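no sequence for this one, just the structure:
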Ligand SMILES: Nc1ncnc2c1ncn2[C@@H]1O[C@H](COP(=O)(O)OP(=O)(O)OP(=O)(O)O)[C@@H](O)[C@H]1O
Ligand SMILES: [Mg+2]
């Protein structure tokens, strides 16, 4: 098996001449937790949109697990196991936490919502859904309407619905955004756990989280790769420090405390 599971070459996305992602060549090692960091507007989310095929690239290529996926559709890429965490808006607020995971499983396996499936099939989904809730620490909330979950727990539910697709590689866009310190710790532990036997690529602004989780990081600024390597090395890079200080003091503040 190739050492890198995901590889881009010269990946570029222009919006009406504005280069949001410019000539990015990224290599993500199989089994690693890889951080994608950079100031606001650096092109991180656009990168994710390119990788999961929500946006077509202007130039460049993407290989996943030995295949060229540059021209594939989002659903095909997801079927190959490259899955992005759903936004919270994809959680059905009136369904219970358990039902949300069950729906995700049904969607992953059947591709439809045929509710006339046999009881045995539905019980099978239920058993797996309960396992997934256990994995993400939501068992005690199984029967609560998802809309009533505290914010941090909603992110855990989002991760459970992503796991329902049995991803080979997960993309997480700011999994700890807007969380209390306690929730952040829980999500860090959760990402560590779900990363077992998988590859994770995550965008994260909290550098303490990045330091604690990521094996390798890539720093993007203005659409370009500024630096890449282990956190300890990259965080000492003067250009990286300048990029953060120059644009977003809150981030460098976070690094200072981390
Ligand atoms: N659909 C679009 N049309 C035009 N410009 C866009 C579009 N999507 C993103 N951009 C621009 O591309 C740049 C990169 O945006 P992107 O959302 O990828 O940044 P980001 O690194 O995820 O930032 P943040 O940390 O704030 O989430 C920004 O200047 C943004 O305004
Ligand atoms: Mg973003």
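Sure, I can see it. Computed from a prediction, not measured in an experiment: that's the story for all the values here. Ligands and ions are numbered 1, 2, ... in the order given.

residues making contact with the helix or strand containing residue 6?
Taking DSSP states H and E as the definition, one finds residue 6 inside strand 4-15. If you take CB atoms under 8 Å, 6 or more residues apart in numbering as the criterion, strand 4-15 is touched by 19-31, 43, 46-47, 50-51, 55, 57-65, 82, 168-169, 199, 201, 223. Just so you know, the C-beta spots here come from the backbone N, C-alpha and C atoms, and that holds for glycine as well.

If you count contacts, what does the next helix or strand after that strand end up packed against?
Once strand 4-15 ends, the next helix or strand along the chain (criterion: DSSP H and E) is strand 18-24. The helices and strands touching strand 18-24, judged by 3 or more CB pairs under 8 Å, 6 or more residues apart in numbering; DSSP states H and E, are strand 4-15, helix 44-51, strand 224-229.

Let's have these in CSV, adding mean neighbour count and distance to ligand 1.
Shown next, in CSV, are the helices and strands packed on strand 18-24 (neighbours: other CB atoms under 10 Å; distance: least, CB to the nearest ligand atom, whole Å):
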stretch, mean neighbour count, distance to ligand 1
strand 4-15, 18, 3
helix 44-51, 22, 3
strand 224-229, 17, 12
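
do you know which of these lies nearest residue 146?
helix 44-51 (23.6 Å; CB to CB).

how far away is residue 30 from residue 234?
Residue 30 sits 21 Å away from residue 234, taking CB to CB, to the nearest Å as the criterion.

quick one: which of these two has more around it?
residue 234 (22 against 15; other CB atoms under 10 Å).

Dead centre of this structure: give me the residue that sits there.
Nearest to the mean C-alpha position of the chain, by CA atoms, centre = their mean, lies residue 172 at 1.4 Å.

so what's residue 156 up against?
When contacts are counted by CB under 8 Å, 6+ apart, residue 156 touches 136-138, 186-187, 190.
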